[in-house]
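Student: Coordinates only, no sequence provided:
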């Protein structure tokens, strides 16, 4: 409804207030509350746009059109309205910083009661009854028409929107201490994403994709279009002593309007129940239905230790925002410190498990050294809380990447997705499980589902290209790899995929260029080595390039779990079959995670007819 349409008569109510828009009366119970005319006009505009932020400019234009007044006039009207409504805490009229004002109480139309008709002073009772019936019908038709008109004009606040996808934008940490404590806001963001994913049927965007919008200047509409969502949640977190204050707003995108907003202040020990309460309120506002698991699962009464929770949030924040071995070690340190204070924290054990797993996966430690510790931590988390999705993901990761227990990994990851269908990380790992077993159609479908949940996650885009490459769909894989390269230029995995695709497509020069870039990134090859590789290719083609590369990287790779697998690939490309199997056996002994893809790696195709290849698959419990 347009602001200018406000002259039409209507009576609406919110809380225990009734507003007669036609008579410009505000009543609480039976007591009329006096408002200055301009204040009433401002209130009327806010009511007519209930649930949507009305900018200061809109209000100034609607109430003082053509009149030169200062912004102070509007501020005085807002203060007048809040005094009349006893709204000191802004529960009814909320200021949205730098944007305007939000009327957030639920509004409904109050239908007028029909006026009793006096009987006509005549003895003709039949005529009187007919006139009375006609009058009642007329009144009824008038009420129906009015209700329909008000419904069209925005006064019908019945029912709630149904959304297909929602994004929780990074909660901003408000403190004079600076951005080094943003992990508090990130912890709340992550918790709400998880809680909404567990308790509601809509798609919830992953944290790695929403994290780019921290302190963004983009509008809600722009963000929603980029993420392909119908609604967003935004909020703030502040922390003082053992108290935590959280504000949360749920905003519908089209048409843009605030659906729900609330502020909470609690003792820090109640932070978990607070997260669940906010998620349940948001899910309820968008017709999210609690799953059977959420209805039947007993709520934990485990008290939250203030210091332990902060250390857990810090561990998670570091692991997820800094993908390198040193960050994984810091995350392990903070997780262990959290568990020293609170040894009954299942989330902290799950975080410790994933930090160990990440350290091994990035080459920061031998798998045999840290993966058993990761498994122990994941099992402890599940012993404390069998329905903790993060613990199932961590255990599934260990079973998949280290123990080669394909059935066990699939079971754990499917369980995690039963608990939270919006867990993009679980879908990524499940896609790998499908691919390594040779179930390529399932792998591609699953990794694309993960990308829907994490549309700006670089590793997800990388894995889409990887699955297509393993599926021998080289044109599609190359297009996806180049798109991922635009997100993070010149990374080793992407250049390696581009090289592999070009090689299989017969684009030898492009393959060598991309492979050389990947080696520079991974192995820090100096200019002399790069010149030697280019010269070798120029003289003797691809075979000359592989021989020169083997000579250069052999000292670097021969004792490295991932390196020996790459030496096997180079040897296979040179048709040095016996040497290729010698390196593969060494990689098998290291339990290198690169060995997981042996069944589907296109660069090992030349080795497949050899019985030794089938023997390796059998020992890894992979189908022939």
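Tutor: In hand now; what should we look at? The structure presented is a predicted model; accordingly, all values stated were derived computationally and were not measured. Numbering: from 1, shown residues only.
Student: what's the next secondary structure element after the top helix by length along the chain?
Tutor: Across the chain, the helix with the greatest residue count (assigned by DSSP state H) is helix 527-557. The C-terminal neighbour of helix 527-557 among helices and strands, as given by DSSP states H and E, is helix 561-573.
Student: Could you list every helix and strand in contact with that following helix?
Tutor: Under the contact criterion of 3 or more CB pairs under 8 Å, 6 or more residues apart in numbering; DSSP states H and E, helix 561-573 touches helix 527-557, helix 577-590. No exception for glycine: its C-beta is placed from N, CA and C like everyone else's.
Student: could the ones you listed be laid out in JSON lines, adding mean neighbour count?
Tutor: Shown next, in JSON lines, are the helices and strands packed on helix 561-573 (neighbours: other CB atoms under 10 Å):
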{"stretch": "helix 527-557", "mean neighbour count": "16"}
{"stretch": "helix 577-590", "mean neighbour count": "18"}
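Student: Of all the ones you listed, which one is nearest residue 454?
Tutor: Nearest of the helices and strands packed on helix 561-573 to residue 454, taken as CB to CB: helix 577-590 at 29.9 Å.
Student: and the closest one, what does it pack onto?
Tutor: Short answer (3+ CB pairs under 8 Å, 6+ apart): helix 577-590 packs on helix 561-573, helix 611-619.
Student: Contacts for that helix next, please.
Tutor: Applying CB atoms under 8 Å, 6 or more residues apart in numbering, the external contacts of helix 577-590 come out as 366-368, 561, 564-565, 567-569, 571-572, 594-595, 598, 604, 606-607, 610, 612-613, 616, 619-620.
Student: Just want the angle from it to helix 561-573.
Tutor: Calculated by axes from the mean of the first three to the mean of the last three CA atoms, to 10 degrees, helix 577-590 forms an angle of 160 degrees with helix 561-573.
Student: circling back to that earlier point, want to throw the helices and strands packed on helix 561-573 into a markdown table with mean pLDDT and distance to residue 397?
Tutor: Below are the helices and strands packed on helix 561-573 laid out as a markdown table (pLDDT from 0 to 100; distance: least, CB to CB, whole Å):
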| stretch | mean pLDDT | distance to residue 397 |
| --- | --- | --- |
| helix 527-557 | 92 | 25 |
| helix 577-590 | 95 | 18 |
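Student: which stretches of the stretch 401-550 of the chain form helices?
Tutor: 406-419, 424-436, 440-453, 458-470, 474-487, 492-504, 508-523, 527-557 (DSSP state H, counting those that start in this stretch).
Student: what's the most buried one of these?
Tutor: helix 424-436 (a mean of 25; mean count of other CB atoms under 10 Å).
Student: Return the angle between stretch directions for that helix and helix 406-419.
Tutor: Here helix 424-436 points in a direction 150 degrees away from that of helix 406-419 (the same axes, to 10 degrees).
Student: Can you spell out which helices and strands pack onto helix 424-436?
Tutor: Right, helix 424-436 is packed against helix 389-401, helix 406-419, helix 440-453, helix 458-470 by 3+ CB pairs under 8 Å, 6+ apart.
Student: Let me know which of those is the nearest to residue 16.
Tutor: Short answer: helix 406-419, nearest of the helices and strands packed on helix 424-436 by CB to CB, at 41.7 Å.
Student: residues making contact with the closest one?
Tutor: 198, 293, 387-390, 392-393, 395-397, 399-400, 423, 426-427, 429-430, 433, 436-437, 621-622.
Student: Kindly give a single PyMOL line that selects the buried subset of those.
Tutor: Selecting only the buried entries of the contacts of helix 406-419 in PyMOL, with 16 or more other CB atoms under 10 Å as the criterion:
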select buried, resi 198+387+388+389+390+392+393+395+396+397+399+400+423+426+427+429+430+433+436+437+622
